[in-house]
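A.B. asks: model this:
(2 chains)
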Protein chains: 2
Amino acid sequence: MIGAATIGGASAQDVAPEAAPETAEPGWRTIAPENLMMIETGKGPIVVELNPDFAPRHAERMRELAASGEYEGEHFYRVIEGFVAQGGLFDDMQILRWGPLKNENDRPYGGEGFVPLGNDDLFAAEVGHIGGFPVGRDEALGQEWLLHCPGAVALARNNDPDSGGTEIYIVLDAQRYLDRNLTVFGRVIDGMEHVQAFKRGDRAISNGVIQAPEQGEEILGLTIVADMPEDQRPVWRTMTSEGEPFAEHKRGLRVRDSAFFYRKPPEVLDICSFNTPAERVAAAD
Amino acid sequence: MIGAATIGGASAQDVAPEAAPETAEPGWRTIAPENLMMIETGKGPIVVELNPDFAPRHAERMRELAASGEYEGEHFYRVIEGFVAQGGLFDDMQILRWGPLKNENDRPYGGEGFVPLGNDDLFAAEVGHIGGFPVGRDEALGQEWLLHCPGAVALARNNDPDSGGTEIYIVLDAQRYLDRNLTVFGRVIDGMEHVQAFKRGDRAISNGVIQAPEQGEEILGLTIVADMPEDQRPVWRTMTSEGEPFAEHKRGLRVRDSAFFYRKPPEVLDICSFNTPAERVAAAD
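C.D. replies: Sure thing, here's the model as predicted:
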């Protein structure tokens, strides 16, 4: 049901001018332009919401990388089917110049606005959503963290937990065993079908790095919407975790009451089996 | 980790002639050519293993559809990101001529060779593998069934549980709530990256059916390997569920002892988060 309610690819023509005020509709919020990141590729655009509440340093690094223009012409150079699409800077000197970030793999337990999923999870003591992002938490550990669900955007690293700096990966299929080991700092809210169309590497050869002369999907641009001229900024909104629309969305996925289901599925959800709906509500002319 | 150990796209040149006898290696089995189905597309070939043990009528129907040539030129006409890629016959008269199949959504509990996953599941009383296929079962219900994990191949239907006949779907991301409501009859053992590259429809428009003048990905051919000349048949093998190689494969996914994991992930697996490894061991010249 991933993306089930996402209105993808809506163009300016599709959206009535009066749609924009709807962003104030209860249960929805407009995504701040400084947290809205566009990755342009030949397959199509990928729209990412950054999460500075969980990963402020990582969100800031992405803003700096975008502003630098250094991602342009780089590639998703390691893409493994059913695992991740990894891309970013490739030149060691360039990577060294940016330097590593201290990880933000988790934060203290108890952030505001946690909405429990409503059933157990295989990997975490508790799962639910904060600000539309899937979250795991554990009171005994005293920590909470963003999950490696499909569409999660995170920072790649070497063995040192604080060694990531410039290469990101987008999760293709849930990889929950990576939770708390790497920093998830965003989520794809539109365009996962473009990521899924990227050329794959072979995991058996250089751990999935696409081999020359082939290159992975080129990154044509990386832009933070706040850096665009005000009259050209796309506007996206997403459901809040705490509103009735999201509760209703989950209920529809959990309780299948259509006649199609002659056998009632168990009333349970996998936290990674659905996205918080997001949609474009206005566009530049 | 899906497809992690799959040797995809191995050509005849890559495979030493002496590789074929390896199919007798303990813990592996050669897939019978009558259960090996190739779907040719412009994105690349998709290799499917049919499962006549769970769905004999459905396997037979696929063999008949392949032999008829009627899939050629048809399309994956309904493809929804993170959900399924559905394709097959589109003409109502043609569909009517083939007629519906009685569903094989599950079978009596207790089939031979069940190997438990080794931990709980959110949806089924028990999960594990039989013959390399992910299986759910429930002793109280007295039933067992194939799961809607990524790569599962199943028969689409209308509201009547016995109304499917000619249209198949390939699961893009786990859809466990469909378990026991539709008949899974096969699994993709190679080529999911090609399925993931198919053009998507918009779920909000005709429930994801790709709208004219666009068409979905064309099906260039549907072939059962047993129908190919003997000297041209590709040979594929897969791990058996009961052997030590598969147990070792699961252990490697469950217990992450590399230095990369400075925090030990919970020693748990999602039944849908990995595939039973399969690989091509010989090819036609």
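
A.B. asks: what is the burial count for residue A:36?
C.D. replies: Neighbourhood size, residue A:36 [other C-beta atoms under 10 Å in any protein chain shown]: 23. The way it works is simple: take the backbone N, C-alpha and C, and place the C-beta from them, glycine included.

A.B. asks: wait, isn't it in contact with residue A:224?
C.D. replies: Yes: Residue A:36 lies in contact with residue A:224 (C-beta atoms under 8 Å); the separation is 7.0 Å.

A.B. asks: in chain A, which spans are helices?
C.D. replies: Using DSSP state H, the helices of chain A run over A:56-68, A:92-98, A:192-196, A:244-254.

A.B. asks: any idea which of these gets closest to residue A:125?
C.D. replies: Closest of the helices of chain A to residue A:125 is helix A:244-254, at 19.6 Å (criterion: C-beta to C-beta).

A.B. asks: just the mean pLDDT for the closest one, thanks.
C.D. replies: When pLDDT is averaged along helix A:244-254, the result is 98.

A.B. asks: what packs against it?
C.D. replies: Packed against helix A:244-254 by the contact rule (3 or more C-beta pairs under 8 Å, 6 or more residues apart in numbering or on different chains; DSSP states H and E) you find strand A:235-239.

A.B. asks: does the strand it packs on reach chain B?
C.D. replies: No: if you take C-beta under 8 Å from any C-beta of the partner chain as the test, strand A:235-239 misses chain B, and the best it gets is 15.6 Å.

A.B. asks: so that strand versus helix A:244-254, what angle?
C.D. replies: Angle of strand A:235-239 versus helix A:244-254, following axes from the mean of the first three to the mean of the last three C-alpha atoms, to 10 degrees, is 60 degrees.

A.B. asks: so what strands line up beside strand A:235-239?
C.D. replies: Its sheet considered, strand A:235-239 pairs with strand A:28-30 (antiparallel), strand A:278-282 (antiparallel) by DSSP bridges.

A.B. asks: out of the helices of chain A, deepest packed?
C.D. replies: Mean neighbour count (mean count of other C-beta atoms under 10 Å in any protein chain shown) peaks for helix A:192-196 among the helices of chain A, with a mean of 26.

A.B. asks: which of the helices of chain A sits closest to residue B:32?
C.D. replies: Nearest to residue B:32, of all these, is helix A:192-196, at 31.1 Å by C-beta to C-beta.

A.B. asks: do the closest one and chain B come into contact?
C.D. replies: Yes: using C-beta under 8 Å from any C-beta, helix A:192-196 reaches chain B at A:192, A:193, A:196.

A.B. asks: can those residues go into a markdown table with extra columns for distance to residue A:255 and pLDDT?
C.D. replies: Formatted as a markdown table, those follow (distance: C-beta to C-beta, whole Å; pLDDT from 0 to 100):
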| residue | distance to residue A:255 | pLDDT |
| --- | --- | --- |
| A:192 | 26 | 98 |
| A:193 | 28 | 98 |
| A:196 | 29 | 98 |
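
A.B. asks: just those residues now: which is nearest residue B:247?
C.D. replies: Of all the residues of helix A:192-196 next to chain B, residue A:196 has the smallest distance to residue B:247: 31.1 Å, by C-beta to C-beta.

A.B. asks: ok, now which ones touch that closest one?
C.D. replies: Counting by C-beta atoms under 8 Å, 6 or more residues apart in numbering or on different chains, residue A:196 touches A:172, B:81, B:172, B:196, B:197.
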